[in-house]
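>>> Give me the fold of what follows.
(chains A and B)
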Amino acid sequence: MRGLKKLFTTGLIGSARRSRGVQRFMLITGLVLTAAFLLLAALAPILAPYGFAQLQDSHGYFGSQQPPSSAHLLGTTVGGMDVLSRVLWGSQTALLVIVFAVAMSIFAGVILGLLSGYFGGWLDRILVVVADAVFAFPSLLLAIALSIVISGGRSGLFSGILATASSITVVYIPQYFRVVRAETLRTKNEAFVESAKVLGASHTRIMFRHIFRNATRTLPLIMTLNASEAILTLAGLGFLGFGIDPTMGAEWGYDLNRSVADVSAGIWWTSVFPGVAIVLVVLGITLVGESLNDLADPRLRNRRAANLDELEVAQGGDSA
Amino acid sequence: MTSKPGEQVLSIENLQVAFATDAGTVNAVNGVSLEVRAGEVLAVVGESGSGKSVTARSVLRLLPSTAVTRGAIYLAGRDVLKLDREQLRQARGRDAAMVFQEPSLALNPVYTVGWQIIEGLRAHTPKGQRFDAKAARAKAIEILGKVGIPEPEVRIDYYPHQFSGGQKQRVVIACALVLEPKLILADEPTTALDVTVQAEILDLLRTARELTGAAIVLITHNMGVVADMADRVAVMYQGQLVEQAEVHELFANPKQQYTKRLLAAVPRIGQSAKPAFTADASVPPTVRAENLEVVYPGRFGRPGFKAVAGVNFEIHAGEVVGLVGESGSGKTTIGRAMVGLAKATGGSMKVLGFDVVGAKARQFKAVADQVGFVFQDPASSFNPLLTVGEAIAEPMLVHKVQASVAAARADIEALLAAVQLPVEYFDRYPHELSGGQRQRASLARALALKPKLVIADEPTSALDVSVQAKVLELFAKLQREFGFACLFITHDLAVVDQIAHRVLVMHRGELVEQGETRDVLTNPQQQYTKRLVQSSPIADPTLQRAKAAARH
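Alright, predicted model coming up:
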């Protein structure tokens, strides 16, 4: 609990307080966009006027490719679904995929990275080669292959989310693995780890009490950057038709795919809104990640300029 | 571009420097005024954080962008703080040059040393004049020869890694001298070097001054170096100039409280009065090494590196043994081999009856609760995420002496009191402590299980002299109280003299001399020990200069 509280206060709030100028603007913009995304995802069932797969209400069918009107604020898609509702519900799908993908890849990546970095030897060599091989793969291709293997191409909401998240997980494990392994290698040669060894502490104790938390300090930064990449991969999968079935869940990439033909016909509302949603969420999360990264690094952090006059006032203006 | 002796080269007037930090504006230098005349050596001394380096760096405006300066620095008659970019570029190297602390970082590893010396000449080719590569090369060879690099015409094309640490510092000095500046700023030029090399580099700086008539501003924390080199000394404390005097005057007759304290804290050989130690013959020695060998495996089929080659020694119960030597002598390796951090490969070394040669990491646990280890770097020897109390509790938890940190609290508070830290520090994090306080906490951790043997690896070398004096005093007191045997590893002979009953001298993996501390330090038998004792500077200008003269 103390760790969590500390992470929160020194991480986000501390960063916001310390930030200045452009960095502050970036961080605040990112935080606002991300907060809006989380809020919309949570409140989608209340905010969305219709269901994500709803085609008709008491007044009959919505109709295909209807322009924005009072009944459908953002118009309807080629499949006859309400664009606003699809965008809102889509945020929920995106959030679920992010949470699953990031949680799974962090868990696997951190454990493997710790073991690999701490013990070294043949285990380390094998894991590094595997991670490099995964790195060498085009990630979207790998995700497609995996989503076909896991779900046979297309599926319901939960299995679809799981399939997409797992394929993203596999692609991202090497990133966490690499970072945690490098940090572990660095930390394990620090005097305090040697000190624990001299005490006769067991490997497990050294790894989890002394190295683990020191090696995972940069993870929040990678997490935010990966979360935005996860959305892009999800959208890519959806766009290519390997995502979640439209009747099982709303997904922005799928909607974009279906609206390709509309663009040339002058029907802008089917593509613009899911597209903007993707851009804003990715932008928001990336901004948070980038500015956290800058603020965590004392060399990149902007500070208020030093002021000698202020010092003189503090000292009672004795130096003339 | 030699200048007349006595001519003013540098004049700093009421300099103030402040840095922007997370905690607001921090004042590093506050109203310092200094003057340096041609041909003189001004030593600026002070502890870390006193502002001495910042003062020197402001002369060439080598401060980070977060710094703000006020006042005036007249170099060659112009105010450096008011120069524009191009004027500043021209002034750097020509009016004043800098010699840095760490020679391996000051040289670019991907260029030859010749290229780096010529770089200065190239940068200062007058406008409109063609750069004469041949002449520059000839000049670089000449200067390399002058700084004492053998075969300069060949070695000018060598890369930095092909030189030893001392030679690298000679190259750095050559880079500084090649433009014949009127002022050389030397920022701790010998701190990263061994004492025997330090003596050579100081000699070189002295020769350079005689040859070019340049003034030298020597930034250092080592009073021995000051006694050796300086004409005049400026003492800084917390950003302010405390005292300024001619060197003999300052050492003989310090005016300010702070200067007196600083001088009193400097350890001197032959000053300590510790009771003689007689080993109890009925008790087996705590450590007995016979023909101990440590070989680090070589890579890619190359032969391994023999860090320790056939060393014999004993440490008796309750005895403090100093282990001295220069970097690479194998002294730290022996200490690390005792606890399994380095793998002993040959001979035998019995630590409390347990032979460490050929032992597996797991087996060390048998004696781990009877051995304490104090590390060199107070900054990294604590897990930054554990409180001081939790860190000291670790040994108790690992060996199941106590069930939890809370249960161990009373014991830990007693330990904190023993090392003279306030009990409130139990809940502090390591970064909230100063270096000296952390080293005390480190001692408390090493003593948590009342060990029979403590290995201290340069525990005070990262500390300022006044802090070092206090930590050493505390260490000696605890040793008497707890009665542990101790291997005290250090490169500083004066520290050994203060703390150790017996001393072992290591050189290139071999034990060249051992004996009672007083005997070895006052009457060394071996050639190497003689040179080591000879090179260690004494913080007394009269004695030190006589010694330096005798060296030639």
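
>>> CA atoms for contacts and neighbours, from now on please.
OK.

>>> Check what contacts the host helix or strand of residue B:454 and list those residues.
Using DSSP states H and E, residue B:454 maps to strand B:453-457. In this structure, residues lying in contact with strand B:453-457 by CA atoms under 8 Å, 6 or more residues apart in numbering or on different chains are B:286, B:332, B:335, B:370-376, B:446, B:484-490.

>>> residues touching residue 269, list them.
No chain was given, so I picked chain A. By CA under 8 Å, 6+ apart, the residues touching residue A:269 are A:67, A:68, A:74, A:75, A:83.

>>> if you could check chain B rather than the one you did, that'd help
Residue B:269 makes contact with B:493, B:494, B:497, B:498, B:521 under the criterion CA under 8 Å, 6+ apart.

>>> Report the secondary structure state of the fourth one.
It stands for residue B:498. What DSSP: H, G, I helix; E, B strand; the rest coil gives for residue B:498 is helix.

>>> care to break chain B down by domain?
Domain ranges of chain B: B:8-265, B:287-370+B:450-551, B:385-448, per automatic domain parsing.

>>> any idea which element residue A:160 lies in?
helix A:157-188.

>>> sorry, back to before: can I get the domains of chain B in TSV including mean neighbour count, distance to residue A:128 and mean pLDDT?
Compiled in TSV, the domains of chain B are given as follows (neighbours: other CA atoms under 10 Å in any protein chain shown; distance: least, CA to CA, whole Å; pLDDT from 0 to 100):
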stretch	mean neighbour count	distance to residue A:128	mean pLDDT
domain B:8-265	19	29	90
domain B:287-370+B:450-551	19	21	88
domain B:385-448	20	28	90
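
>>> OK, now which residue of the stretch 151-300 of chain B is nearest to chain A?
Per CA to the nearest CA, residue B:240 is where the stretch 151-300 of chain B lies closest to chain A, at 12.2 Å.

>>> right, and that residue touches residue B:34 too?
No. At 11.2 Å, residue B:240 does not count as touching residue B:34 under the criterion of CA atoms under 8 Å.

>>> Mind telling me which residue is nearest the centre of chain A?
Per CA atoms, centre = their mean, the C-alpha nearest to the average position across chain A is that of residue A:227, at 1.2 Å.

>>> Can you show me the strands along the stretch 201-350 of chain B?
Taking DSSP state E, counting those that start in this stretch as the test, the strands found in the stretch 201-350 of chain B are B:215-220, B:232-237, B:240-246, B:287-296, B:305-315, B:320-324, B:346-351.

>>> Turn these into JSON lines, columns for distance to residue B:28.
What follows is the strands of the stretch 201-350 of chain B, written out as JSON lines (distance: least, CA to CA, whole Å):
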{"stretch": "strand B:215-220", "distance to residue B:28": "16"}
{"stretch": "strand B:232-237", "distance to residue B:28": "10"}
{"stretch": "strand B:240-246", "distance to residue B:28": "9"}
{"stretch": "strand B:287-296", "distance to residue B:28": "44"}
{"stretch": "strand B:305-315", "distance to residue B:28": "42"}
{"stretch": "strand B:320-324", "distance to residue B:28": "36"}
{"stretch": "strand B:346-351", "distance to residue B:28": "48"}
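
>>> so which of those comes closest to residue A:132?
Closest to residue A:132 of the strands of the stretch 201-350 of chain B, according to CA to CA: strand B:287-296, at 30.3 Å.

>>> Using the three-state scheme, assign residue A:68.
Secondary structure, three-state DSSP: residue A:68 is coil.

>>> and it, what does it touch?
With contact set as CA under 8 Å, 6+ apart, residue A:68 has these partners: A:74, A:75, A:76, A:269.

>>> Which two among those are spaced furthest apart?
Using CA to CA, the pair of the contacts of residue A:68 lying farthest apart is A:76 and A:269, separated by 8.0 Å.

>>> Return every residue with contacts to both of those two.
Common neighbours of residue A:76 and residue A:269 are listed as A:67, A:68, A:83 (criterion: CA under 8 Å, 6+ apart).
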